[in-house]
Every structure is written in C-alpha cells, then in structure tokens.
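A.B. asks: After the sequence you'll find the predicted model.
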Number of protein chains: 2
Amino acid sequence: MYIEELAANLRNFEGVTRKKPIADIVSIFETVRSEYGEVIDDFGDDAAVIDIGTDDVILFAADAIWGKIVNKSPWWTGYTSVVVNVNDISAMGGRPLAMVNVMASSDLESTEEIMRGIRDGIKKFGVPMVGGHMHPDTPYNSLAVSIIGIAKKDCVIRSDSAKPGDVVIVAYDMDGRVGQNSPYSWDTTSFKEADVVRERFMVMQEIGEKKLVTAGKDISNPGTIGTLGMLCEVSRMGASVDLRKIPRPDDVDFEQWLKIYPATGYVVTAKEENASQCVEVFENAGLKAAIIGEINASQIIDIYDDSGKAIVFDLRNDTITGI
Amino acid sequence: MYIEELAANLRNFEGVTRKKPIADIVSIFETVRSEYGEVIDDFGDDAAVIDIGTDDVILFAADAIWGKIVNKSPWWTGYTSVVVNVNDISAMGGRPLAMVNVMASSDLESTEEIMRGIRDGIKKFGVPMVGGHMHPDTPYNSLAVSIIGIAKKDCVIRSDSAKPGDVVIVAYDMDGRVGQNSPYSWDTTSFKEADVVRERFMVMQEIGEKKLVTAGKDISNPGTIGTLGMLCEVSRMGASVDLRKIPRPDDVDFEQWLKIYPATGYVVTAKEENASQCVEVFENAGLKAAIIGEINASQIIDIYDDSGKAIVFDLRNDTITGI
C-alpha cells in the first residue's frame, strides 16, 4: 500500500537515521552545566541559547557538511556550510552575527574551491567569517563551521514547545532547483540576488518578534516529515499531517520532495488563531506556506491522504535523535 | 654558533610554519563585513571580538587538534580541544560561556575515547558543550571545537596593541609535565584539581580588568618566541628577548621548552610602570612570571644570551601568519 511504503521510506531515510548518534553524544555531555553563564537550551535545537544577563540571548551552533558532498563539490561544500549555519540562527528567530571555521585539506585545489564557496556564501548572506583554524596537512578534506547570533530573549523560536491543538505550518521557497550533488538538496539561494535571499531567510525573525508560533525549526537533512518528527520528539508530542496540503514543486517527485533539505524551508507550530497571519508573513516574504496538520499528545507522527493513513514515527517506542 | 642555530630552529619549527596558510584564508574572506553586528577584531587574535551593543563583547573562536594527535591519543584529543578553546577566551581576558563541536569518526572506540576526553575537559574547566554535529561515517577521525565567551568591552586583551617601549612578560604554570603524545605539549591540567586549574587559567581576566597589559596572547603551538612573533606581527612591532630571563623547568631541554605549548602560558606586553604588578598577579595565581624583553618598532624579533644575539623573525621581509 502506497502510504505505508512512503511512511517506511521516510522513517528509514538516511537523512533521518544519521541523526541517531546525537543521543549518545548528549548523554555523555549532559552532566555539566556552565559556571559562567546560563544555558537556556542546548542539544535538540537548531542552536543553543545562552543567557548573558541582558534582554538579548546569544545563539550558538555548529554544522558540517556530509563527507560525500565535500569530495564531490568543494565549492558547494563551502557555500552550503554558510547556508546551513545561517539557517540554524534564522530558524530560531535570530540575527546571525559571525562565523568561524575549521578546515582540513591536503589538496590545494579543493581548499581553494571550498574557500571560494565560503566567500560566495558570506557575500550572499552578509555574515562575516571572523576566525578559524586550518589543517594544511590532512589526508582528507573536511569543513566545520560554527555560528553565533543574537535574538530578543522572549522572541526565540524553540523546537521543544509545541502543544496539543497547535496547527503545523510548513513554508518553502519554491523558487529553487534540485542540487547537482544530491537529489535531496534544493538550491534556493546561489542563483538569487543577495537582498532577495536575505529577506526570505530573515522571515523567522519577524515571526518570532510577532510571537506568531509556539515552536519551529528549519527543515534540514531529515526532510519535512523527519524535521517535524524531531520537533515532536523534543516537544514530547505527536502530529498528524495531511500530505495533500504540502506545497510541492510540479517537477519533483513527491517522496523525493519530502526528503529534500529545502535550504529555505521551515516547519512551525502555531495556535490556531495565529495560523493565518503566520502563513501571510511567510507568503509576504516570498515563501509558499500552508497549514498541513495538527499537533497532538500521542507522540505518534502519522501521514494521510486519500489512500489512507500510516505511522512514520512512533516516539513512544522509537527515537530519532533520542534527545 | 649556538644562538644562530637556536634562532633558525625556532623560525623553522613546524608549530610556526604551519601558521602560514592562515594568510590565504584571511585574504579571501576579508572583503565582507557584518550586516548585523560590529566585528571589532577578527583573524589574528585568539578570538574574534563582536560588539553586541552593550558594555560586554562576545568572544568567538574555533580550534582543532593536529591530526597526528587525534590518531595517537583520542582521549587527549578530546581533552585538549577543551583546553585550547578555553585558552582562546581566557587569553583575551574573557569568561568562557559555552562550546560546540563537530566530530567525525568511523571507529566507535576512538569516538568514545574522544568524547570521554571532552567530558573530562568540560568537568575540569566548567564550560558546557551545548551543541554539535557528528559525522558517524567518515574514513578518518577529526575534532573541531568552537567556543564563545564574554568580556567587558574595555578590558579585552588583544594581540595587536603592543607599543614600542612596552616590556615583554611571560607567565607559565611550571607545575606540569611533557605530554605523552608530543615532546612539544606540556600538561598542566589533567592531573590537577578543577579549582586550581580554573584559578590559574582565569588569571588573564583579572589582568584585563586591572588594565595591566597593553597586549597579550596565550602561548600556543608556535611556542614562546613564535607566539611573541605573532603578537609582534599583528602589532607591527619588533621585540628583543633576553633568553636568560625566561623561566624554565629544570628537566626540560631549553630549545624544547621554547617550542612547547605550555597549556597555561601567556606572553603579554605592559607599560613599564605596570610590569611588576602584572608579574605579581600572575604569581599570586600560581604561575611563574618574568620580564624577558622589550617591544620596539623594528619589526625584528631577536633573542640574546651570553653567547650573542640572533634574529628569529624579520617581519619586514618574512611573515608568520601574514595577517
């Protein structure tokens, strides 16, 4: 049956299953709390939230690019490292401040291409690279980038705060194309003017400041349903999703679309009375947004369409990140 | 002649020569400034300094461990990643707030050892790991850690602000031992109680708040003279160092000592009238400190002892980082 098979494919998608080791990392690290500042939120969200004793909080995240992509396209590796890091901050309603990087390379040509990609990302998003560390003598190429941002303390959009009865909204920049390096990447930025890109990715700041959502996350490697699953996991919630409501490009297979990292794509939850205004803010910024389902207390994420209903994640028994 | 040979060995030391690629990274990135916050200081210092519009600034740095050490001792890799990052913040007079990491590993045993090292570092220094990214499927092991800290804006200790006539002071925690993984590492922390370690590495915060120095830097892979060279390079200064004044352990070869990363070791510059108080603050925190030379405008770093004088770096013609 189609819907059962789709649910299984989404559950077993590599973009989702690669998230499992996170739980092990967290369990070994979670014993220590800061002596110096208050950590409000850490693993399990796009960025950690650090209270510095003012009305603003500092957001702090790190990301890296899959090894497969590093070797296939060094330029894209550098460029994407900026995109994913900026998304970690913007998804939480923050303004990105600066990035640092650690690069490892043995091969001058790849290094230069990675750096060109980073430089082009910096120019596109207007976020400076302020420091870093270079290993010039490794037998492999790799890139890790870390970012800080700032947000008003009471406007931060977290992942762990969805509530039963909230509606689920997704928003995508539909003006994109499947990336050359992976069927699951969607490039919405490299071919656009910087001002258009910046307006679209800063939409979550407006949504945070207007307090239109209860929770939210940028849609990343686990895809649309996988990212919603992660949001439900840390919120200890479930969700029911009407697949027919999900905006989709005409020329991309639907299962592929659900697995795609849409670059400029968000899943948020909102009180019903704020939902239409939230959709409107997304659409005014040039994204396509829609209400696709509802949060419930079941800890089960299911999908349905005309053909029936199927469970993607049962978080009473399974884990995605285990956080 | 001994002093000439020593100068050449310090100049050609791998800990120094590995710094050269930094210049290329900087030149490609330096075109863009932030749209969102003011970057006061970036590449060339231990941490970047970001103005967030309050009396405090955010410090931001990234570091990684040499590939050689990752494979030789995964525990030490994890532990040291915390030490070097905390040092980047403390060297600038800041308080560390939080760290994030990107880890890559194919091998479960190494991963667990790296994580144990990080966990032990976190416990020792009291700085939490608040997020990260894990590549579970790489053909190599690597670790990159990034850290943020906070400091009073007018108490930040920078590298680029040494002036002619300033005295050069070094300070080391002499209660250490040569690391098991490299003749050029000096472990001052793993065997000590957390409170002792924290008091010693936070000494620069007191020095910053008392405004006792004009510039400073933690002594890292380039060793004592190499680090002074980097400080002079970004300050556009020179320095003359009396080797006889440098505190040294009895049981370590002097050339080796000059190349060592002393873990808790700093080179600072101070106005002459503040020098003795600065030495006193270091000594009260349990470090051994001494005035070893003077800053001048020559852009030449030379060393001397009873046997003569020799030039280590001539920054009119050479570069260390090229920044």
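C.D. replies: Happy to help now that I have it.
A.B. asks: alpha carbons only for contacts and neighbour counts from here, please
C.D. replies: Fine.
A.B. asks: Tell me the spacing between the residue lying closest to A:Met115 once chain neighbours are set aside and chain B.
C.D. replies: Among residues not flanking A:Met115 along the chain, A:Gly78 sits closest, at 6.1 Å (C-alpha to C-alpha, 6 or more residues apart in numbering or on different chains). Distance, A:Gly78 to chain B, by C-alpha to the nearest C-alpha, to the nearest Å: 12 Å.
A.B. asks: host element of A:Gly78?
C.D. replies: In this assignment (DSSP states H and E), A:Gly78 forms part of helix A:74-90.
A.B. asks: re the thing from before, the residue nearest to A:Met115 against A:Gly117, yeah?
C.D. replies: Yes: with contact defined as C-alpha atoms under 8 Å, A:Gly78 and A:Gly117 form a contacting pair (4.2 Å).
A.B. asks: Among these two, which residue is more densely surrounded?
C.D. replies: A:Gly78 (30 against 22; other C-alpha atoms under 10 Å in any protein chain shown).
A.B. asks: can you pull the contacts of that one?
C.D. replies: Applying C-alpha atoms under 8 Å, 6 or more residues apart in numbering or on different chains, we find A:Gly78 in contact with A:113-119, A:121, A:143.
A.B. asks: what's the average pLDDT for the helix holding A:Gly78?
C.D. replies: Average pLDDT, helix A:74-90: 92.
A.B. asks: Checking the closest residue to A:Val268 other than its chain neighbours next. Helix, strand or coil?
C.D. replies: Nearest residue to A:Val268, sequence neighbours excluded (C-alpha to C-alpha, 6+ apart): A:Gly216, at 3.9 Å. Secondary structure for A:Gly216, judged by DSSP: H, G, I helix; E, B strand; the rest coil, is strand.
A.B. asks: excluding its backbone neighbours, what's nearest A:Pro249?
C.D. replies: A:Met174 is the one closest to A:Pro249 (C-alpha to C-alpha, 6+ apart), at 6.6 Å.
A.B. asks: again, but for A:Met230
C.D. replies: Nearest to A:Met230 is A:Ile320, by C-alpha to C-alpha, 6+ apart, at 6.5 Å.
A.B. asks: Looking at the one you found now. What's its pLDDT?
C.D. replies: pLDDT, A:Ile320: 82.
A.B. asks: ok but it is inside a helix, no?
C.D. replies: No: going by three-state DSSP, the assignment for A:Ile320 is coil, not a helix.
A.B. asks: mind listing what it touches?
C.D. replies: A:16-17, A:19-20, A:229-230, A:233 are the contacts of A:Ile320 under C-alpha under 8 Å, 6+ apart.
A.B. asks: if we can go back for a sec, pLDDT added to the contacts of A:Gly78, as TSV?
C.D. replies: What follows is the contacts of A:Gly78, written out as TSV (pLDDT from 0 to 100):
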residue	pLDDT
A:Glu113	87
A:Ile114	88
A:Met115	87
A:Arg116	90
A:Gly117	92
A:Ile118	91
A:Arg119	91
A:Gly121	94
A:Leu143	86
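A.B. asks: Among these, which ones are in helices?
C.D. replies: Those of these mapping onto helices are A:113-119, A:121, per DSSP state H.
A.B. asks: Name whatever forms a beta bridge with A:Asp218.
C.D. replies: Beta bridges link A:Asp218 to A:Tyr266 when assigned by DSSP bridges.
A.B. asks: gap between it and chain B?
C.D. replies: Look at A:Asp218 and chain B: by C-alpha to the nearest C-alpha, they are 16 Å apart.
A.B. asks: same thing with A:Asp56?
C.D. replies: The value you get for A:Asp56 to chain B, if C-alpha to the nearest C-alpha is used, is 9 Å.
A.B. asks: same question, A:Trp186
C.D. replies: Taken as C-alpha to the nearest C-alpha, the span from A:Trp186 to chain B is 21 Å.
A.B. asks: does that residue really touch A:Tyr261, like I thought?
C.D. replies: Yes: the pair formed by A:Trp186 and A:Tyr261 meets the contact definition of C-alpha under 8 Å, at 6.1 Å.
A.B. asks: ok, these two, which is more surrounded?
C.D. replies: A:Tyr261 (27 against 23).
A.B. asks: okay, that one: pLDDT?
C.D. replies: pLDDT, A:Tyr261: 92.
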